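> pasting the sequence and the predicted coordinates here, then a few questions.
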Amino acid sequence: MKIRFKYLSLIVFLCVSLGVNAQDQKIGYYESDFVLSKIPEYPGIEQRLKILSDGWKSEIQELRIEIENLEEDYAAKEILYTEEIKKEKIQEINTKKRQLDNYTAQKFGPNGEYFQRQKELLEPIQRQVFAAVRTVAQRNGFDFVFDRSGDIYMVYARGEWNLNEQVLLELGIEIEQ
């Protein structure tokens, strides 16, 4: 919410500081989720990412089950263990937990393999979409174009300013009416 307010404040400030009336501004929007869903390569990329993600999630779940089993076994036999064996078992459990945390971060963390792979696969398509949006905006004289699918969204927008179809046409994708 704060980010949206900051962006909105920035836009209002720019309009006011430049002495431009809102009537003189031509604003358009498109929905990147919709546009991406119409690009033929996109579903295949999503499927590849899902398969990759599902495999890693399965391995993470196996590690969790292993940790739960170790904890249950420890709890059931704790009274039988000497202090030294207790320490070893607790250390074994903690080592497994660290392995789980490290593996999860390695695969799904901010710099993890999933996001690196996602970036690698989606970036070329996103560049195409951004170039198409820029071309459509410049050709039609838009001052601002927003992506309604992202963090910044509009509560109201007249349908005539929706650029989805024009962006798809610019990408060479025909849509059925």
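In hand now; what should we look at?

> domain parsing of this structure, as residue ranges.
Residue ranges for the domains of the chain, per automatic domain parsing: 2-42+131-170, 50-116.

> can you tell me which of these the model trusts least?
Sorting the domains of the chain by mean pLDDT places domain 2-42+131-170 lowest, at a mean of 74.

> got a list of what residue 71 touches?
Applying C-beta atoms under 8 Å, 6 or more residues apart in numbering to residue 71 gives the contacts residue 93. In short, each C-beta sits where N, CA and C put it, glycine included.

> now the element after the helix or strand containing it, going C-ward?
Using DSSP states H and E, the element containing residue 71 is helix 42-77. Toward the C-terminal end, the helix or strand that comes next after helix 42-77 (DSSP H and E) is helix 83-108.

> what helices and strands are in contact with that next one?
Identification of packing neighbours for helix 83-108 by 3 or more C-beta pairs under 8 Å, 6 or more residues apart in numbering; DSSP states H and E yields helix 42-77, helix 113-140.

> and among those helices, the most buried is which?
helix 113-140 (a mean of 15; mean count of other C-beta atoms under 10 Å).

> before we move on, back to that, JSON lines for the helices and strands packed on helix 83-108, including distance to residue 27?
Formatted as JSON lines, the helices and strands packed on helix 83-108 follow (distance: least, C-beta to C-beta, whole Å):
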{"stretch": "helix 42-77", "distance to residue 27": "26"}
{"stretch": "helix 113-140", "distance to residue 27": "10"}
